[in-house]
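Q: Sequence and computational prediction follow.
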Amino acid sequence: MIHKAWIPQIEQRLGLRLSELNGLEGANTLCQAMVSSIPFENLDVLSGVAINDETSHLYQKLILSCRGGVCFELNNFLFELLAHCGYRAYRVAARMFVEGELRDVANHIALVIELDNCKYIADVGDARAMCQVIPMDGTLGFELLGITHQIKPIGNDSYQLWLYDDSGDSPRYQFIDKPYQRIDFKEAIAFIEFDERSIFTKQWVVSKLQGDTRIALSDEHIARTSSRGKTITPYHPNERSVLLAELFGIIPD
């Protein structure tokens, strides 16, 4: 639940007025603000700090401390913001595709928003700067950075997120249209934190949308991706703290 006293700080961080958000345009505006203002980042996971998806903690971390988080943090906070604004939404558990293979366990959270008898996926925790909701009826969704997004129904209330660009198409994740509660993601969170297959315990993953460019920091370089292409800039590990502050507004604890 979003407390009334939090609203000024949330609105300042996101650069919008929550009271003005409604309908499909409002949902897209909120997603755009989230991926542009709050970075995806796995600093806590790398440091062995447990993921805490309780709303009061997320407010402290994402808003007051100007940090970011992983999907369970970002999308759970988005869920609370949507509920505060009067949207009907629920959480779904997803399994990511990695190098074309579908994970055998859920390791991601996304949100379903119900608007005018239609359903949409909202996901600000994917590290790909998904700045708009995507219809779940199979029609093409938004295009960003040369990538078009589509949710494909595949039967038995199951769906897949597909990405299309000039090099071809690829599935991103699969989910069942079934509501989950926040506490239902304990095993999925444990996968991110402890499973040997989790990339988040092995390498830096920090990203944020800045204008028409997604900036991403990995172990050794900064990648800038736009519709005009992609540039890679190496950096020295000693520069990382400065880059986190300058590019993402993150001051590590």
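A: Noted; the coordinates are in hand.

Q: hey, where'd the helices end up in the protein?
A: Using DSSP state H, the helices found in the chain span residues 7-14, 23-37, 43-47, 55-58, 71-84, 186-194, 240-248.

Q: among the ones you listed, which is nearest residue 132?
A: Taking C-beta to C-beta as the criterion, residue 132 comes closest to helix 23-37 out of those, the separation being 4.5 Å. C-beta: built from backbone N, CA, C; applies to glycine.

Q: since we're on the closest residue to residue 172 other than its chain neighbours, how many residues are nearby?
A: Counting by C-beta to C-beta, 6 or more residues apart in numbering, residue 161 is the residue found nearest to residue 172 once chain neighbours are left out, at 4.3 Å. Counted with other C-beta atoms under 10 Å, the neighbours of residue 161 add up to 27.

Q: Check residue 213 too.
A: Applying other C-beta under 10 Å, we find 17 residues neighbouring residue 213.

Q: cool, and the one 10 residues further on?
A: By other C-beta under 10 Å, 15 other residues sit near residue 223.

Q: now swap in the one 5 residues further on and tell me
A: One way to gauge burial is a neighbour count; for residue 228, by other C-beta under 10 Å, it gives 11.

Q: And residue 155, by the same measure?
A: 6.

Q: Distance of it relative to residue 105?
A: According to C-beta to C-beta, to the nearest Å, residue 155 and residue 105 sit 21 Å apart.

Q: ditto for residue 136
A: Counting by C-beta to C-beta, the gap from residue 136 to residue 105 is 23 Å.

Q: Repeat that for residue 19.
A: Computed as C-beta to C-beta, the residue 19 to residue 105 distance reads 39 Å.

Q: And residue 236, by the same measure?
A: 37 Å.

Q: What sits closest to residue 100 if chain neighbours are left out?
A: residue 170 (7.3 Å).
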